[in-house]
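Asks: Got a predicted structure plus its sequence, pasted below:
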Amino acid sequence: MNILLKKGVAGWFIASLLFTGNALTPGTASAAASAIQISMNNSFVDTDVAPYITNGTTMVPLQVAKKIGSPIQWNNASKTVTLTRDGQTVTLVAGQQTAKIGNQEVKLEAASVIRKGRVMVPLRFIAESTGAYVLWNPKQRIVFVASRPSEELKQQLASSNLAEARTAALKLPRVSALKQFEVSGVEGGNFDYYFPEGRADQFFLSEGNSISYYEVVGDHSEVKWTATFDWKVKAASGLFFKPYQITNQDGTLPKLAGRVVFYHFMGHIGAAGYGFIDPDGNVTTLGMKDMNSEVFFEIPGEVKP
């Protein structure tokens, strides 16, 4: 989701906050302030009928719900939405504020309706019925949807190989309940990744004058702290590898006791500089290695817990 501790090393370090291309990066979403956006598994979803909120529930077109994972069907004759999860059938009838999970009837915060020729369904109910995680961010007016990862990805995340586990961690859906700040100084294709030594479930992503801290929580990763800073003003920021004045921040700044490892990915050459930064801010650059975006390699000399 910029390391500049010494002028020579400085030009190196600038990088990513959540994602390239269609992927979501706190700081890169662009939409009218009143519009509701949907980020599903790190990519924004386009809809032909705008999502809206009623009774505290985000309603989305059925076409969006179908992208979550489980097969979803619409019976136009009976006006019924049907989906299956783990062998259990879930049904919603347009206009009714109840749904059935198997034989059990549950109350909905809002009924499915037909609007502008599209079936609108309560996103949270549909998502959670398929095992997905849903987070509404009122600060950005974004609904984050994180589908369950594959078993293969879960195994990679649990791997004792740090490179494999870190690569899996960056593939997880990312969600944020924090503010979004304007980012400047972005260099195309350059990203900095920082991990506490020996860890894959905690990481920093940085791009331009921004940085965000993530923790893996269950089957997704969450932004716990995000900030922008002023490169020109040295200050005690609370991060020994980012000693610059914080200009905006939201969330809780993590406390780090040991070294961090860094990967400075340069997309234009498909390589990354890598090494360590100790709590005194001393940078040890070990070299440069070919690297695909967010596919990490092990760092020699790193101590594992």
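Replies: Nice, thanks for sending it over.

Asks: what's the nearest residue to the residue most central in space within the chain if we skip its chain neighbours?
Replies: The structure's the chain has its C-alpha centroid closest to residue 174; by Cα atoms, centre = their mean the separation is 1.8 Å. Among residues not flanking residue 174 along the chain, residue 221 sits closest, at 4.9 Å (Cβ to Cβ, 6 or more residues apart in numbering). Every C-beta, even on glycine, is put in place using the N, C-alpha and C of the backbone.

Asks: neighbours of that neighbour, just the number please.
Replies: The local packing of residue 221 (other Cβ atoms under 10 Å) involves 25 other residues.

Asks: Sheet partners, orientation included, of the helix or strand where it lies?
Replies: Element membership for residue 221 (DSSP states H and E) is strand 220-234. Strand 220-234 sits in its sheet next to strand 174-176 (parallel), strand 210-217 (antiparallel), strand 244-251 (antiparallel), going by DSSP bridges.

Asks: hey, which of these is tucked in deepest?
Replies: strand 174-176 (a mean of 27; mean count of other Cβ atoms under 10 Å).

Asks: What strands line up against the next helix or strand after that one, and which way round?
Replies: Downstream of strand 174-176, the next assigned helix or strand under DSSP H and E is strand 190-196. Take DSSP bridges as the rule and strand 190-196 pairs in its sheet with strand 202-207 (antiparallel), strand 260-266 (antiparallel).

Asks: hmm, who's touching the longest one?
Replies: The reference is to strand 260-266. Strand 260-266 is contacted from outside by 3, 12-13, 15-16, 189-197, 204, 241, 271-277, 291, 293-294, 296, 299, 302, using Cβ atoms under 8 Å, 6 or more residues apart in numbering.

Asks: quick one: low-confidence ranges for this protein?
Replies: Under the criterion pLDDT under 70, the flagged ranges of the chain are 1-33.

Asks: Run through the helices of it in chain order.
Replies: Taking DSSP state H, the helices of the chain run over residues 7-10, 62-65, 123-129, 151-157, 162-171.

Asks: of all those helices, which lies closest to residue 245?
Replies: Nearest of the helices of the chain to residue 245, taken as Cβ to Cβ: helix 7-10 at 15.4 Å.

Asks: Which among the helices of the chain is found nearest to residue 48?
Replies: Residue 48 lies closest, by Cβ to Cβ, to one member of the helices of the chain: helix 62-65, at 7.6 Å.

Asks: Who are the packing partners of that closest one?
Replies: Applying 3 or more Cβ pairs under 8 Å, 6 or more residues apart in numbering; DSSP states H and E, one finds that helix 62-65 makes contact with strand 72-75, strand 80-85, strand 118-122, helix 123-129.

Asks: one more time with 6 Å
Replies: Judged by 3 or more Cβ pairs under 6 Å, 6 or more residues apart in numbering; DSSP states H and E, helix 62-65 is in contact with strand 118-122.

Asks: Run me through the strand neighbours of the strand it packs on, direction for each.
Replies: strand 57-61 (antiparallel), strand 113-115 (antiparallel).

Asks: possible to save these as TSV with distance to residue 253 and mean neighbour count?
Replies: Output for the strands paired with strand 118-122, formatted as TSV (distance: least, Cβ to Cβ, whole Å; neighbours: other Cβ atoms under 10 Å):
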stretch	distance to residue 253	mean neighbour count
strand 57-61	30	23
strand 113-115	43	14
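
Asks: Quick check: which of those strands is nearest to residue 164?
Replies: strand 57-61 (34.7 Å).

Asks: Alright, I will stop here.
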